[in-house]
Each structure stands twice: as C-alpha cells, then as structure tokens.
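In: Sequence first, predicted model second:
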Amino acid sequence: MRFSIHQASLGAAVADLVVIGVRAGELRRDPRVALIDRALAGALSGAARDQDFSGKAKELLVLHTLNKLRLKRVALVGLGAAPKLNGRDLVRFGATAARLANEVGAKRLLVAMPGQEAKSPAAVALVVRAVHLGCYRYTEYKSEKGRRPSLERLSVHRPGPVPAELGAAVRRAGWWPPPPPRCATWSTAHRCSSTPRPWRRGPRRSRAGTGCAARCSARRSSSAAACGCSWASARAAAVARASCT
C-alpha cells in the first residue's frame, strides 16, 4: 500500500472514497462537509437529516456522488463529543475507513481527520497504522476466502504546508517489516541459529554439519550481524532504511 499526504482542497481530490471524521454537533459548521455538500447540491446534508446523523460516536453515513465530484463516494464517520480524541478513537476511525474502502471495492482512500488531530504527527501515524492493519485478512484455513482487500493507496488530507516530522511519521506508520527470507543454505532440518528472536521459528536445535550451522560462529550469539548469510544482511538493510526515515 502506498501512502501520501493530500494538501489541496477536498474538492480537487481524486479518490474512490473519502472518509471525513465529524465531531458531535459540528456537522453544520464543518467546512469540509459544507464544501462537498455545495458540490452535491445539498444531497449530503439532506441524507444526514434523513438518517439523523449528528456526529455521535460510531455513527456512519455513506453517499455516492454520482460523478458530480472526482470523489466517487463520501463517508461521514461520527467521532463523538469528546474535545480531544484518544488513541482508541483514532484506531476505530482508521479501522472503519479501511473496512468501508474494502467493502465498496475502493482502491484509493482519502482520510480527512479533524483539524486538531490532523496537525499531530502521532495521531496521523496512528490512523495510518490502523488503516494498514485493517486491511489484513487471515484466510489460510477458511474454505471461503472471500474477496481480497482492494485498497492500494491511502492519502491523508492535511491542508497547508506539511512539517517534516509529519511526513516521517506517516512513512514509519506505513512501513511494515517484510518476513525474513530463508538463508541461502537453509534446509528443513536447520534454520540459521543467528536468527533474531522475534523472527525465529521452530526449535533452535540444529543438526551438526547441516546448512550453515557448521560454519556460522554466530549460532552461539544472538547477533544477526555476526552471520554472513543473505537473509541477515537483507533484514539489517531493511531496518536501517526504516530508521533513516
């Protein structure tokens, strides 16, 4: 999944779905909702009245734009009346956006957070990580695997200049460490004993003379850098790239 920050107006955005977080009682005063409502000739506010949407926690409103905008669908998510959102509220908001995007088959998702939270790098990173994890599906042992997640690109709406720490937070939240590749001399009886503990699988014991265990002096050490096998260097390079962002 690719991540980016959208700095222009919502009316100029291109996405399959835009998800706007709305606080309780602020629907009519929200400039983002008013902008889209004018482009839709009042259809968004009319749908909110029909469904009694006011921005309470867990309320949801989804509307198709009927090609009046370059945004195919607009979704309003209620955030409740709390003056400041906590981590649980932000995770729920991001997970709801991911679920809606995959349900409607959207490939491009635009998330618009409230102004106060959109300026916080930690809050933006938390929503991005929630969207990323919300697309995960474990279907290995299911007979009906269902439709695969359709989401390919996530953009966070943040008008104005973007601080460097905000862009770095989004990149770190979207980065996910790849599974460790197998050692070049890997066999079913042995995995390199210098595997970092979070990635080690199976028993640590190895058969003498099998694979790289006979030559690798790192099997008595927990340091992956002491091993010269290919997967250890690839893992170290991935961690180094992540730390530089």
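Out: That came through, no problem.

In: Where is the longest helix in the chain?
Out: helix 87-103 (DSSP state H).

In: Quick check: mean pLDDT of it?
Out: Throughout helix 87-103, pLDDT has a mean value of 93.

In: Can I get the helix or strand just after it as PDB, trimmed to CA atoms?
Out: Later in the chain than helix 87-103, the nearest helix or strand by DSSP states H and E is strand 108-112. Provided in PDB are the C-alpha atoms of strand 108-112 (Å, rounded to 0.1, in the frame of the first residue of the first chain):
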ATOM      1  CA  ARG A 108      -7.800   4.900  -3.400                       C
ATOM      2  CA  LEU A 109      -8.800   6.100   0.000                       C
ATOM      3  CA  LEU A 110      -8.600   9.700   1.300                       C
ATOM      4  CA  VAL A 111      -8.900  10.200   5.000                       C
ATOM      5  CA  ALA A 112      -9.900  13.600   6.400                       C
END
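
In: ok and strand 108-112 relative to helix 87-103, angle-wise?
Out: On the basis of axes from the mean of the first three to the mean of the last three CA atoms, to 10 degrees, strand 108-112 is oriented at 150 degrees to helix 87-103.

In: which other residues reach the next helix or strand after strand 108-112?
Out: For strand 108-112, the following helix or strand on the C-terminal side (DSSP H and E) is helix 115-118. In this structure, residues lying in contact with helix 115-118 by CB atoms under 8 Å, 6 or more residues apart in numbering are 21, 84, 85, 90, 112, 123, 124, 127, 156, 157, 158. Glycine gets a C-beta too; all of them are placed from N, C-alpha and C.

In: hmm, which of these are the buried ones?
Out: Neighbour-count burial (16 or more other CB atoms under 10 Å) applied to these gives 21, 85, 90, 112, 123, 124, 127, 156, 157, 158.

In: buried stuff in the longest helix of the chain?
Out: Neighbour-count burial for helix 87-103 [16+ other CB under 10 Å]: 89-98, 100-102.

In: re earlier: adding secondary structure, write the buried ones among the contacts of helix 115-118 out as a markdown table.
Out: Conversion of the buried ones among the contacts of helix 115-118 to a markdown table gives the following (DSSP: H, G, I helix; E, B strand; the rest coil):
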| residue | secondary structure |
| --- | --- |
| 21 | strand |
| 85 | coil |
| 90 | helix |
| 112 | strand |
| 123 | helix |
| 124 | helix |
| 127 | helix |
| 156 | strand |
| 157 | strand |
| 158 | coil |
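
In: mind putting the residues you listed in JSON lines, distance to residue 141 included?
Out: JSON lines is the format used below for the buried ones among the contacts of helix 115-118 (distance: CB to CB, whole Å):
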{"residue": "21", "distance to residue 141": "35"}
{"residue": "85", "distance to residue 141": "36"}
{"residue": "90", "distance to residue 141": "32"}
{"residue": "112", "distance to residue 141": "37"}
{"residue": "123", "distance to residue 141": "36"}
{"residue": "124", "distance to residue 141": "35"}
{"residue": "127", "distance to residue 141": "31"}
{"residue": "156", "distance to residue 141": "35"}
{"residue": "157", "distance to residue 141": "38"}
{"residue": "158", "distance to residue 141": "40"}
